[in-house]
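K.L.:
pasting the sequence and the predicted model now:
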Amino acid sequence: MASQVRDHEVGEKPHAAPDESHDDGGSRTSSSHDGDGADADATRAGVAKDESLPVQRTQTRDRASRISEDLRRTTSNVLARVASRMTTRTWPEPPPPPDGGLNAWTQVAMGWLVIFTTWGWVNSFGSFQAYYTTVLPQSPSTVSWIGSVQIWFCLIISVFSGRLLDAGLFLPTFLVGAVIQVVGMFLMSISTQYWSLMLTQGVLTGIGSGIFFTPSLALVATYFSKRRGFAVGLATTGNSAGGMIYPVVVRQLLPTLGFAWTARVLAFINLACLSVVFTFMRPRLPPRKSGPIIDFTAFRELVYNGVTVGIFATSMSNYFTFYYIASYGREILGLPYSEASVMVILINGAGIVFRVIPPLIADRIGPINVVTPVTLCWAVVAFSWLAVDSIPGLYVFTCFYGVMSGSFQCLTPTTVASITDRLDMVGTRLGMVFSISSFASLTGPPIGGAIQAAHAGQFKHAQAWAACMTLIGFVSFVVARVSKAGLTLKVRC
């Protein structure tokens, strides 16, 4: 140990030699200061090193946090891009409609045939209602379930079939629906009991009609913008035409050919018409593969809810009146079957012109601005049924009710389209409205019939109920109008 100290001291002398010429005290002082400075530097370095450790840890945590945040943002962006495939924001806007031209008006003509073979056929059930009550051991309320089920299937399937148009599957959808409907009509011709008529005329023809009706009507709407109301209204005149022609065929052929061949003739009429439609009707918009079957965001819009409730309420009263107008003539006023069935023809045919006039006005001032006062007038006419106590009065009421019903029904698809921002969502939203209103069409006639039966076969209470439902529909459209445009009457909506 002593030798190491001596060696250390000897080793330090050459370094101290240059300072020996100076004062020893100064040398010692200088050496002492150098030693103290080195110790201080070492101490400061140690302290700095110790102090730098928390800083380094903080910087490390910051870098890790930034990396984690970048990773989270990247993941979020990827998920957002994936999720956006299920929203309308990423869908390319569809091209603008031609709003005319040979191809567009051809689709209107095909739409006319579609509505002729669906709603014209459905609205003619009043003639079957009057016939079935005479040949089947069933009450009028029970018989009306056949027509109600037919309408219900026609509308409830719309929530799915409307989306198939948007997805670019119109032709296969139309073909399947047309085949089911026509097969149901042919099977109806061999049905002799209530349950078989329910399965064929009620279920099969209803399902078939529902599969291709909504896509076809929505397809017509996609070809027009400024003239959409007129085009759709023109197509819906097929409803009135079918509502006249089918009962006439039934009225003329039933006494001579019998029920079986009468039903077959009707089936051949539909087969011919639907074959023409399949040949010429084509969609315009590119398929929209993404997007929901049901657009639940629509139910956040007060205007959409108001329109939906309005259509629902008026559907309950409308189909009760259509189905029971002939029975009212027979049971209350004593009309024979042949003359009572004329009421079905009148109530469908009276509105054929007025299925064009309101849409022309709607193209100028907006569909909701037209459908709201039309529903009010319809409610007034519905209440007037309570005062009908003679055959001439029944004819007058039937004509006016047919006018108001036709004026309303032709505005339904245009109104829904007007509150839908994207044309490639019309099929989906229209199908949703029709599906909801299907439950009103299903229950309306039986409820009215049950009210009638509960009051010894008298119609007064059922008539009042139907009129009140129409009035509720008017109030709902007022709510939709105020939600859409406020209280200013000059706003187009």
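P.N.:
Cool, the structure landed. Residues are numbered from 1 along each chain as shown.
K.L.:
poorly predicted segments of this protein, please.
P.N.:
1-94, 166, 288-293, 424 (pLDDT under 70).
K.L.:
ranges for the strands of it?
P.N.:
Taking DSSP state E, the chain contains no strands at all.
K.L.:
centre-most residue in it?
P.N.:
residue 429 (2.0 Å; Cα atoms, centre = their mean).
K.L.:
wait, what's in contact with it?
P.N.:
Shown in contact with residue 429 (Cβ atoms under 8 Å, 6 or more residues apart in numbering): 162, 295, 298, 304, 416, 420. The way it works is simple: take the backbone N, C-alpha and C, and place the C-beta from them, glycine included.
K.L.:
neighbours around the nearest residue to residue 152 once chain neighbours are set aside, how many?
P.N.:
Spatial nearest neighbour of residue 152, chain neighbours left out: residue 442 (3.6 Å); criterion: Cβ to Cβ, 6 or more residues apart in numbering. Counted with other Cβ atoms under 10 Å, residues neighbouring residue 442 total 24.
K.L.:
for residue 442, give me its contacts.
P.N.:
Per Cβ under 8 Å, 6+ apart, neighbours of residue 442: 148-149, 151-152.
K.L.:
recalculate using a threshold of 10 Å.
P.N.:
Neighbour list for residue 442: 145, 147-153, 155-156, 206, 315-316, 319 [criterion: Cβ atoms under 10 Å, 6 or more residues apart in numbering].
K.L.:
quick one: neighbours of the nearest residue to residue 242 once chain neighbours are set aside, just the number.
P.N.:
Nearest residue to residue 242, sequence neighbours excluded (Cβ to Cβ, 6+ apart): residue 120, at 1.2 Å. As a burial measure, residue 120 scores 27 neighbours (other Cβ under 10 Å).
K.L.:
also residue 114?
P.N.:
29.
K.L.:
and residue 255, by the same measure?
P.N.:
11.
K.L.:
would you agree it is in contact with residue 261?
P.N.:
No - here residue 255 does not reach residue 261: they are 11.8 Å apart, not a contact under Cβ atoms under 10 Å.
K.L.:
how close does residue 330 get to residue 391?
P.N.:
11 Å (Cβ to Cβ, to the nearest Å).
K.L.:
between these two, what contacts are shared?
P.N.:
With Cβ under 10 Å, 6+ apart as the test, residue 330 and residue 391 both reach residue 339.
K.L.:
these two: who's more crowded?
P.N.:
When neighbours are counted by other Cβ under 10 Å, residue 330 and residue 391 differ, and residue 330 comes out ahead with 19 against 12.
K.L.:
can you pull the contacts of the more buried one?
P.N.:
So residue 330 contacts 130, 133-134, 140, 336-337, 339-341, 343 (Cβ under 10 Å, 6+ apart).
K.L.:
now render those as CSV, adding neighbour count.
P.N.:
Converted to CSV, these look like this (neighbours: other Cβ atoms under 10 Å):
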residue, neighbour count
130, 28
133, 21
134, 8
140, 22
336, 9
337, 17
339, 15
340, 23
341, 27
343, 29
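K.L.:
those residues: which two are farthest apart?
P.N.:
Farthest apart among the contacts of residue 330 by Cβ to Cβ are 140 and 339. That separation is 18.0 Å.
K.L.:
quick check: the closest residue to residue 333 other than its chain neighbours vs residue 336, distance?
P.N.:
Leaving aside its sequence neighbours, residue 333 sits nearest to residue 391 (Cβ to Cβ, 6+ apart; 5.5 Å). The gap separating residue 391 from residue 336 is 11 Å, by Cβ to Cβ.
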